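Asker: heads up, no residue letters with this:
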Ligand SMILES: NC(=O)C1=CN([C@@H]2O[C@H](COP(=O)(O)OP(=O)(O)OC[C@H]3O[C@@H](n4cnc5c(N)ncnc54)[C@H](O)[C@@H]3O)[C@@H](O)[C@H]2O)C=CC1
Ligand SMILES: N[C@@H](CC=O)C(=O)O
Ligand code: NA
């Protein structure tokens, strides 16, 4: 095992406590033969004879059949895992950052050596999600995967929404509870969710999607007043990962993958997903709509997914086989965000006089954006105007907002957010 922090310590505990049952399920003992950590002296709780600070040497040992990687980050982990795979050792990892950038080379190495590369813990923690996509739904045609895949930002947004708590104190609490990444900007700026979206889109659409292909916006710009405004409208704000199969008029298919804050009605099932919980909808032609829900972060929940993979790998080794390979045969191109159909919620403070609504409506019309609903509330000589659009290319919506912001009659663009799951 490489790394013994929040997740690794729980994996080590469960491997020890459940050794007998795991052996019975795997068909052979699953024995922890070594643990690489940065500072062995900081781990008096672990057997000293297992500890090393030399991960590369541990990976190379002859008595290692499987490498469980719980360090995180890209380098030097990438070279350790390639070395392991090239030497015929299966790999179990929770490292979404690495998989979202280098899965092609890792899968190729696993294929060449005929070994397993499993990573259920990398997306949505404890929730069985990747195996259902890779195996249970292999006979169906998935059209959409959408949900909350980052526990830290969901914890922060839930707390801000429920108590009006500040951003910084809530982030500290999420780090203390072991949800946040070593560098929590990976969570708040949406990098972690974007890595997960890349992994989900690759598996769902049998294509190669990397983190760079995912449009990414974090929650740093979501303010307490955004959440308060959403609340008065019966809505809330969630950071969603949305992966879609988009079919153009000529029938050509592409993949859209994005991560950004989204306003959803409080009646939406995702609105009730609080704390570090994750929830993901999958839509497929034959299956219809499926929903996966559970703990998306934290030591023990993530360790559950790691151990599930470890037992699967051990079973494969006992039987002399391996699990499913990468399936990227569809090779769908990635659609740029500007061409992705989205819907906007735009909240404006405008002058309260005749013709204002017409000017705002004209700006939407000029960009071919159709309006679904308008609400106006007056206060003295200004009015608050809320416009919700129908689906339009994201670039057209952005241009509309830019133009509206320049209108003399618009005092302030109070908030602009994409919406999901409502007509108005
Ligand atoms: N914490 C969570 O809720 C979840 C974490 N993950 C992923 O699991 C992985 C581990 O995350 P955490 O346990 O939270 O991290 P952590 O920071 O608590 O633990 C990292 C471990 O790696 C060790 N390490 C760092 N550099 C090393 C080196 N050069 N050589 C040997 N050991 C080294 C550290 O000593 C520590 O034991 C990451 O890839 C993370 O993205 C995935 C899902 C959930
Ligand atoms: N930092 C991540 C951990 C799990 O993947 C999160 O907050 O979801
Ligand atoms: Na999972």
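Answerer: Great, that's in hand. None of the values given here were measured: they were computed from a predicted structure. Ligands and ions are numbered 1, 2, ... in the order given.
Asker: Quickly note the distance from the residue lying closest to residue 125 once chain neighbours are set aside to ligand 1.
Answerer: Nearest residue to residue 125 in three dimensions, chain neighbours excluded: residue 296, at 4.3 Å (C-beta to C-beta, 6 or more residues apart in numbering). Heads up, the C-betas are built off the backbone N, CA and C, glycines and all. According to C-beta to the nearest ligand atom, to the nearest Å, residue 296 stands 7 Å off from ligand 1.
Asker: Pull up the residues of the stretch 201-350 of the chain that are close to ligand 1.
Answerer: Listed as neighbours of ligand 1 in the stretch 201-350 of the chain under the rule C-beta under 6 Å from any ligand atom: 297-298, 302.
Asker: Restricted to helices, list those.
Answerer: Taking DSSP state H, the ones among those that sit in helices are residue 302.
Asker: Please check the residues of the stretch 201-350 of the chain next to ligand 1 and keep the buried ones.
Answerer: 297-298, 302 (16 or more other C-beta atoms under 10 Å).
Asker: before we move on, back to that, when you check ligand 2, which of the residues of the stretch 201-350 of the chain next to ligand 1 turn up near it?
Answerer: residue 297.
Asker: what comes up buried for stretch 124-132?
Answerer: Quick answer for stretch 124-132 (16+ other C-beta under 10 Å): 124-127, 129-132.
Asker: Apologies, that question was intended for stretch 345-359.
Answerer: 345-348, 350-352, 356.
Asker: Can you tell me the closest non-neighbouring residue to residue 158?
Answerer: With C-beta to C-beta, 6+ apart as the criterion, residue 158 has its nearest non-adjacent residue at 4.3 Å, and that residue is residue 274.
Asker: quick one: contacts for that neighbour?
Answerer: 154, 158, 162 (C-beta atoms under 8 Å, 6 or more residues apart in numbering).
Asker: Checking my notes, it in a helix, right?
Answerer: No - Residue 274: not assigned to a helix; according to DSSP: H, G, I helix; E, B strand; the rest coil it is coil.
Asker: and it, what pLDDT?
Answerer: Predicted confidence (pLDDT) for residue 274: 96.
Asker: Please report the distance of it from residue 173.
Answerer: Computed with C-beta to C-beta, to the nearest Å, the distance linking residue 274 and residue 173 is 14 Å.
Asker: Was I right to think residue 22 contacts residue 15?
Answerer: Yes - assessed by C-beta atoms under 8 Å, residue 22 is found in contact with residue 15 at 7.0 Å.
Asker: intersection of neighbour lists for these two?
Answerer: Common neighbours of residue 22 and residue 15, counting by C-beta under 8 Å, 6+ apart, are 30, 307, 310.
Asker: List the buried residues for the helix or strand of the chain with the lowest mean pLDDT?
Answerer: Every helix and strand of the chain was ranked by mean pLDDT, DSSP states H and E. The lowest is helix 224-232, at a mean of 81. Neighbour-count burial for helix 224-232, counted by 16+ other C-beta under 10 Å, picks out 226-227, 229-230.
Asker: any idea which of the contacts of residue 274 is least confident?
Answerer: Scanning these for pLDDT, the low point is residue 162. It has 90.
Asker: any idea how far the residue positioned nearest the centre of the chain is from residue 333?
Answerer: Centroid check for the chain by C-alpha atoms, centre = their mean gives residue 193 as the closest residue, at 3.2 Å. Distance of residue 193 to residue 333, computed by C-beta to C-beta: 22 Å.
Asker: again, but for residue 319
Answerer: Using C-beta to C-beta, residue 319 is found at 38 Å from residue 333.
Asker: Then residue 360?
Answerer: 36 Å.
Asker: Which one of those two is surrounded by more residues?
Answerer: Taking neighbours as other C-beta atoms under 10 Å, residue 360 and residue 333 compare with residue 360 leading, 23 against 12.
Asker: Sketch out the helices for the stretch 151-300 of the chain, chain order is fine.
Answerer: Counting by DSSP state H, counting those that start in this stretch, the stretch 151-300 of the chain has these helices, from start to end: 151-163, 167-176, 185-188, 191-205, 224-232, 299-319.
Asker: nearest to residue 374, of those?
Answerer: helix 224-232 (15.9 Å; C-beta to C-beta).
Asker: Nice, that's everything, thank you.
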